[in-house]
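S.K.: Can you look at this prediction? I've put the sequence above it.
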Amino acid sequence: MSEHIVSPKVYIGIFLSLMVLTAATVAAAYVNLGPFNIVIALAIASLKATLVVLYFMHARYSPKRTHMVIIAAVFWLAIMLALTLSDYVTRDRDLASNTQLTGMLGS
Amino acid sequence: MHRTGELYGQFETLEQQKESAALGMWVFLSTEVLFFGGLFLTYTLNRHYYPAAFGVGSNTLDLKLGGLNTVILILSSLTMAMSVWASSVGKRKQTTGFLVATLLLGTAFLGVKVIEYKQKFDHHLVPGYHFQIDYRVQHPAPNDDPKEIEAEKEELSKAFAKDPDLNAHAQLYFSLYFGMTGLHALHMIVGAGMLVWLIRQSMLGRFTPTYNTPVEMIGLYWHFVDIVWIYLFPLLYLIDRHR
Amino acid sequence: MQAQFPLIPEQASNFAPTVDLLMLFIVAICLFFAVAVTAAVIYFFFKYERKHQTEIGVPIHGDMRLETAWIVVPLVLAMAMFAWGAVVYVDFRHSPRDTLDIYVVGKQWMWKVQQPNGLKEINEVHLPVDRDVRLVMASEDVIHDFSVPAFRVKMDVVPGHYNTMWFRPTKAGRYRLYCSQYCGTNHAVMTGWITVMEQSDYAAWLSGSAGTEANPLIAGEKLFSERACVTCHLSDGKGRAPSLNGVYGGQVPLADGRTVTADDAYIRESILQPAAKIVAGYQPLMPSFQGQLTEEQITALIAYIKSLQGEPPPPTGAGVVTASGKK
Amino acid sequence: MDTPTSTHSATAPVYKIPEEHYLNSSYGIRSWLLTTDHKRIALLYLFSVTFFFFVGGIFATMIRIHLMTPQGFLVTPETYNKLFTMHGVAMIFFFLIPSIPAVLGNFLVPLMIGAKDLAFPKINLLSWYIYVLGGCFVLYSFSTGGLDTGWTFYTPLSSVYSNSAVTPAVLGIFINGFSSILTGLNFVVTVHTMRAPGMTWFRLPLFVWAQYATSIIFILGTPVIAITLLLVGLERMFHLGFFNPALGGDPILFQHLFWFYSHPAVYIMILPAMGVISEIIPTFARKPIFGYSFIAGSSIAIAVIGFFVWAHHMFLTGESVYAALAFSFLSYLVAIPSAVKVFNWTSTLYKGSISWDTPMLYGLGFIGLFLIGGLTGLFLACLGLDIHIHDTYFVVAHFHYIMVGGAVMGYLGGIHFWWPKISGRLYPEFLARVSAIILFMGFNLTFFPQFILGYLGMPRRYHSYPPEFQVLNVMSTAGASILALGYLLPMIYLIWSLKYGTVAGPNPWPATGLEWKTDSPPPTENFLVTPEVTWEPYDFETRPDLELDHIVAGKLPAPAHGDD
Ligand code: HEA
Ligand code: HEA
Ligand code: CUA
Ligand SMILES: [Cu+2]
């Protein structure tokens, strides 16, 4: 596969970007952005992961077949998370603590 | 199947052998994605249910140690990548050197993890019958900073106000913390074992520019383990730092 | 009640005819495909049976039009089945306003039911006919499922969640209630009865007028089955609880090794605080009837139990604790 | 049905077993336990899955005997619960999931694509050892306290309340998962990189396509059940709360994770059987399969869409109404590729030259029973109807029709079809036909009454039932005893044929696949020279090597009636 040899310079460049992104993610965590904190954290993590996959793991220089495997893995993970959570976010609210029922529990 | 030199008998060419190994490794990693995926889903749902408990739990983690470990692990990915490079241009000594560096960094990561686990154990934050989220503020150690304890106390009482069942829910956080980092550490240990084998092979001069498949394959694995940590770090350590 | 070999259960709620019709619709579609394919296969088998050892079939590789047809036609029919099913389901999941709310708690292995006025029942539900009923359900331990085939309804009862379902009984009578979600050892006996009564009877029953009888023995016998004592205390000893035949006046060995004499006080305590003295070889399954029986009713029950003087059968029932180590 | 055209006519040439082949190339127990030959590993699997089939079958027999009377007269409730749980676990995880992939797939995938072995022979052997290790854990659980959670392991029953040996069982299934994953990985890589020259993707036998699709599920689904059951084990051992509501966990989450794997897993069980049928039908109809690319594509479509439908097992858990609508819709969608397959198989028979050999009888049985099983899946996928039939015997009948009527019939059909290749000898044809028919009858008698029971409302997993259900239950039990006979017969005559069967020769049927171009049994390295593929799949027309005289059925002088 990777007859392509990546030069150490690229590796060091990627390493430095990863360091910067790590610092960024910590810094962002200290700012209150409400629900966007998690979005930013995940976005930065995904960016980092992409860099690792493309360069450290040579995916950029790999055959299509490898790309398909990567896409499949991410896609299947997405199915699992998205469809499961789709159940939870569209649920009728539980009748929370229905006093009559909680009274019956354990009696 | 018999092996002739570097070529295993079921293959016709070295090229075919290398392609198969690479595809096999990627396919294996895709399995791993879903393996960790189950834990990530459990994490997501519970964090959605119990934000207060997850925030409190996350804030008990030591960000300095976590950050240090992130740096160590990314650095080890770099050295791993460098050893793949060195082996593919035939620099035998450097290959070995970078592999040894990777192994050392990996061990350092595990060492830091042990320190972190020990802390959690001392603070009764290991899930089980002794779990107690406010153990540390109830029983501060003599060298604890009283201000820090005060702040933590306040944070805890606010959280308890939001979530009366905080202890149970924080225990869920820690079950996931130990589950996810433990599984990750297990992968590191397996990786370290493979590195030891690689270092030996490399010292014996087994790898050449035409045949460095094992270095590449174990490299892929090592980077994958790094990626898992890249997600674990913000998800576990950085939930609620902006208090 | 019905024909000797019924193919469908009794229809006793608003959902029953709807679900049965839906069933027939799907049966029709499926029967069409099943018969068509099977007939074609069998026909081809005979018609094109090999006649020469070495002959080959006509090489036909495929046909786009046919492929399209047999993708599109089933797709359309499938969507029809989906849509109809969806309509019924959405109706079932959204209870109408102004329902009669009954509270149900599932617990290994019994149903505890509470009527709107606080009256409690076990493994029994009394309902008025032609009223929208909503069940609000919770579980104390594992997942159960409240299922009434004659109504064509069921819903899981999940610990940590509150599920509801609704229906409208349309026919007075007694119908079986099952636990449909596997919940451990006695899942199969976590059953009971739904009694659908005319509205006026139901009102009378609720206000308690149905419970009183002149003769305590007869009243006791009635209570014994109404309050579901019989579901556990089978007279042949095969139930989850000891048979009460011949218990009164005898010596009862207890789980903690003591023995007690079964007198009025003991029976009384067994009904009100069953956990106080556990009969040897049985699990503490019996619910407390404290607050659910009037003093009069307890006396009636004791009178009835006194009258059970048959030979006590050996305890072979489900409640018998067998050795099984927790792993 | 005694056609004059059966393959064993007196004029057939007399063959001899080759001097050296994979079975006699080396001897001794070590040469088997340390083998990396995919064909020997296939046989190792054959023995082990058969063992688990009999274990599961014995439990099934006890279930059926117990249910002859309403009170149940064989065992206590605890034991009954253990019986059906262990029956389900043994049959699903240790018999049906590995059956076709690990036995026939292992044996055939390299042969069919013209390779010397799988890409990773050592990993292949490792898979078998992992399977055995997992099996040992599960057998340990069965024999020390049993398992009474249902094969679905629903929490919190499994993680908190059950008193049986749950932990070793979930660990066993966890371990076994890696066996599946590695097998899938091996197949995917092999199909990608080991094909012989000329073996393009669209010349692959449909069985290989089916194995490929199955492998996708192995690889992307199995890890999820592994981690889920590991969590259940941890929850039990360390009193954690992932799925325990008393500690804040959510039991419904467990069901999502479980079915994310276990619904696709039902396609792991059926896809390979469909692959077998796609080989048998063109071979015994002697004509190319109708709509090759549709059958190949529908395998992939089933594997992919199969991952989108899992929550149809959860319609009545209080699942969100919107999610239920989506999952029901998608369940109907996944039925379409199965429909495509059924119609294409049927069309392949049209104007064929059909023989009534045993594998074809299984093929016929498969179509009929899978049809009923699949179509009743449409009842269950229907939201409104599932309210009534969920968790009743209707479900039990549905999945036995597909899994026993479909998948097991496919497996047996495949075993018969490739038996000459595996053993070098033919089985006794008459006995084989008889037992196929016994199986078919016994099967229907066992499971058809259960549809009615289910609609009448008999819940599943009941050790006792109301008396009005007795008649149908007795019918079912009677059927099961016929079924058991039907399984026993092949066991006997297949073993008998190992020694006394007629020598088959390389291509007895004849069939078009590459696996038939080498000796029976094949040599260890499969092909003495790497084959080159120049023909299209299932093409009987341009294959002089098959020694058919190319009379096209019905076109040339046929005795009695011709067609058209
Ligand atoms: C090999 C195993 C296998 C297979 C292939 C299937 C295939 C299908 N299954 Fe089944 N199923 C099980 C094994 C299997 N199932 C098991 C084990 C359970 C119970 C688990 C447990 O709880 O223990 C179960 C339970 C189950 C349920 C849950 C029931 C409940 O608990 O309430 C549902 C609901 O949707 C369902 C649906 C389907 C559907 C739609 C298909 C479809 O894929 C079927 C597609 C096939 C066809 C439709 C036939 C061919 C088509 C035609 C001839 C054309 C006509 C078609 C149309 C008009 C669309 N199955
Ligand atoms: C591959 C899967 C598979 C297979 C092949 C079978 C095969 C059979 N199953 Fe199974 N079954 C399941 C998968 C399978 N089952 C699952 C997943 C469940 C759900 C479990 C749960 O609820 O958790 C289930 C549940 C289940 C039930 C419902 C239990 C309940 O809900 O209470 C019943 C009841 O009849 C049953 C019967 C049978 C029978 C009679 C066979 C027969 O086909 C078996 C025939 C085989 C043999 C008999 C063995 C071979 C023959 C011999 C050894 C000859 C000698 C033997 C004798 C003379 C007796 N099964
Ligand atoms: Cu409760 Cu089954
Ligand atoms: Cu399913």
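M.R.: Looks like it came in fine. Ligands and ions are numbered 1, 2, ... in the order given.

S.K.: Low-confidence ranges, chain C, go.
M.R.: C:1-4, C:209-215, C:310-327 (pLDDT under 70).

S.K.: just so I have it, where are all the helices in it?
M.R.: C:15-47, C:64-93, C:199-206, C:216-226, C:229-232, C:264-272, C:295-307 (DSSP state H).

S.K.: right, so of these, which gets closest to residue D:431?
M.R.: helix C:15-47 (20.8 Å; CB to CB). For glycine as for every other residue, the C-beta is placed from the backbone atoms N, C-alpha and C.

S.K.: Would the longest helix seen in chain A count as contacting chain C?
M.R.: Ranked by residue count and defined by DSSP H, the top helix of chain A is helix A:64-89. No. Shown here: helix A:64-89 not in contact with chain C (CB under 8 Å from any CB of the partner chain), separated by at least 11.3 Å.

S.K.: That helix near chain D anywhere?
M.R.: Yes. Helix A:64-89 comes into contact with chain D (CB under 8 Å from any CB), by way of A:65, A:72, A:73, A:76, A:79, A:80, A:83, A:84, A:86, A:87, A:88, A:89.

S.K.: so who does the second one touch?
M.R.: Going back to what we said before, that points to residue A:72. B:30, D:216, D:220 (CB atoms under 8 Å, 6 or more residues apart in numbering or on different chains).

S.K.: Save these as CSV, and put in secondary structure and pLDDT too.
M.R.: Output for the contacts of residue A:72, formatted as CSV (DSSP: H, G, I helix; E, B strand; the rest coil; pLDDT from 0 to 100):
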residue, secondary structure, pLDDT
B:30, helix, 96
D:216, helix, 95
D:220, helix, 95
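
S.K.: which of these has the most neighbours?
M.R.: When neighbours are taken as other CB atoms under 10 Å in any protein chain shown, the top entry among the contacts of residue A:72 is residue D:220 (30 neighbours).

S.K.: what's the burial count for the closest residue to it other than its chain neighbours?
M.R.: Nearest non-adjacent residue to residue D:220, counting by CB to CB, 6 or more residues apart in numbering or on different chains: residue A:76, 4.6 Å away. By the criterion of other CB under 10 Å, residue A:76 has 24 neighbours.

S.K.: isn't residue A:76 right up against residue B:34?
M.R.: Yes. Taking contacts as CB atoms under 8 Å, residue A:76 lies within contact range of residue B:34: 6.0 Å.

S.K.: between the two, what contacts are shared?
M.R.: With CB under 8 Å, 6+ apart as the test, residue A:76 and residue B:34 both reach residue D:220.

S.K.: in chain A, which segments are predicted with low confidence?
M.R.: Using pLDDT under 70, chain A drops low at A:1-3, A:92-107.

S.K.: what about the residue nearest the centre of chain B, which SS state?
M.R.: For chain B, residue B:184 is the residue whose C-alpha lies nearest the centre (CA atoms, centre = their mean; 4.1 Å). On the three-state scheme (DSSP: H, G, I helix; E, B strand; the rest coil), residue B:184 is labelled helix.

S.K.: Leaving out the residues flanking it, which one is nearest to it?
M.R.: Closest to residue B:184 by CB to CB, 6+ apart is residue B:228, at 5.4 Å.

S.K.: I figured that neighbour hits residue B:35, correct?
M.R.: No. When contacts are counted by CB under 8 Å, residue B:228 is not listed as touching residue B:35 (10.0 Å).

S.K.: Now list whatever residues contact both of those two.
M.R.: Common contacts of residue B:228 and residue B:35 (CB under 8 Å, 6+ apart): none found.

S.K.: ok, back up a step: surely the residue nearest to residue B:184 is in a helix?
M.R.: Yes. Secondary structure of residue B:228 (three-state DSSP): part of a helix.

S.K.: What's the local residue count around it?
M.R.: When neighbours are counted by other CB under 10 Å, residue B:228 comes out with 23.

S.K.: ok, back up a step: need the residues of helix A:64-89 next to chain D in CSV (columns: distance to residue D:127).
M.R.: What follows is the residues of helix A:64-89 next to chain D, written out as CSV (distance: CB to CB, whole Å):
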residue, distance to residue D:127
A:65, 22
A:72, 21
A:73, 21
A:76, 22
A:79, 26
A:80, 25
A:83, 30
A:84, 29
A:86, 35
A:87, 34
A:88, 36
A:89, 39
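
S.K.: near chain A, which residues of the stretch 201-327 of chain C show up?
M.R.: residue C:288.

S.K.: Residue of chain A closest to ligand 1, please.
M.R.: Nearest residue of chain A to ligand 1: residue A:83, at 14.9 Å (CB to the nearest ligand atom).

S.K.: contacting residues for residue C:254?
M.R.: C:260, C:277, C:278, C:279, C:280.

S.K.: Please type out the PyMOL selection for whichever of those turn out to be buried.
M.R.: Selecting just the buried residues from these in PyMOL takes one command, with 16 or more other CB atoms under 10 Å in any protein chain shown as the test:
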select buried, chain C and resi 260+277+278+279
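
S.K.: State the phi and psi torsions of the residue in chain C sticking out farthest from the centre.
M.R.: Taking CA atoms, centre = their mean, the residue of chain C most remote from its mean C-alpha position is residue C:54, at 61.7 Å. Backbone torsions for residue C:54, taken as degrees, to the nearest 10, come to phi -110, psi 10.

S.K.: With the one 5 residues further on instead?
M.R.: According to degrees, to the nearest 10, the main-chain angles of residue C:59 amount to phi -70, psi 100.

S.K.: Does ligand 1 have contacts with stretch D:460-473?
M.R.: No. Interface with ligand 1: stretch D:460-473 contributes nothing (CB under 6 Å from any ligand atom), its closest point being 7.8 Å away.

S.K.: picking up where we left off before, what about the residue of chain A closest to ligand 1, distance to residue D:257?
M.R.: Separation of residue A:83 from residue D:257 (CB to CB, to the nearest Å) stands at 12 Å.

S.K.: and what of residue C:64?
M.R.: 41 Å.

S.K.: Tell me which of these two has more neighbours.
M.R.: residue D:257 (27 against 9).

S.K.: The more buried one touches residue B:40, doesn't it?
M.R.: No. Checked against CB under 8 Å, the pair residue D:257 and residue B:40 is beyond contact range at 11.2 Å.
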